[in-house]
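*Asks:* sequence plus predicted model, see below.
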Amino acid sequence: MNTSAYTKGAVAAALGNLLASATLLLYAAPQPATSDTTTALTPLAALPLSGVTVQAAGVSFTCAEQPAEASGIAAWARIVSGANTICDLTAGAAGSGADIILTATQIWQGGFVSITSAQINVQ
């Protein structure tokens, strides 16, 4: 499917609304095949989303620094709103090309976790 700029903007706006009260959960591997697949993994950290900004064909956001709930190397993230999964994203260090860029991918329980950038592009 090849969508118009108008459609991409509408989808980005709808996604922005969903993210307004969402939380980013960071996980170590393995990432489930789809975002509809339940995971039994313990999240490394839970970061409430803030600063959600809608662009022409995507959404960016920030998260306040939060203490880690577990130790591990962050590889992917899931955005949830209550019991609903919104999407799964890649997570990595600067230069990795991941959707979520972390200040450090090695996370230690009780240490603080922060992201440097987060971008979801609408295709």
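*Replies:* Received the coordinates, thanks.
*Asks:* list the contacts of stretch 50-62.
*Replies:* Stretch 50-62 is contacted by residues 5, 8-9, 12-13, 15-16, 19-20, 49, 63-64, 115, 117-122 when judged by CB atoms under 8 Å, 6 or more residues apart in numbering. For the C-beta atoms, the positions are set from N, CA and C on the backbone; glycine is no exception.
*Asks:* make a PyMOL selection of the buried ones in those.
*Replies:* To isolate the buried members of these in PyMOL, using 16 or more other CB atoms under 10 Å:
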select buried, resi 8+9+12+15+16+19+49+63+115+118+120+122
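*Asks:* so which of the contacts of stretch 50-62 sit within helices?
*Replies:* 5, 8, 9, 12, 13, 15, 16, 19 (DSSP state H).
*Asks:* quick one: residue 72 and residue 43 touch, right?
*Replies:* No - contact criterion CB atoms under 8 Å: residue 72 and residue 43 do not qualify, at 9.7 Å.
*Asks:* that'll do, ta.
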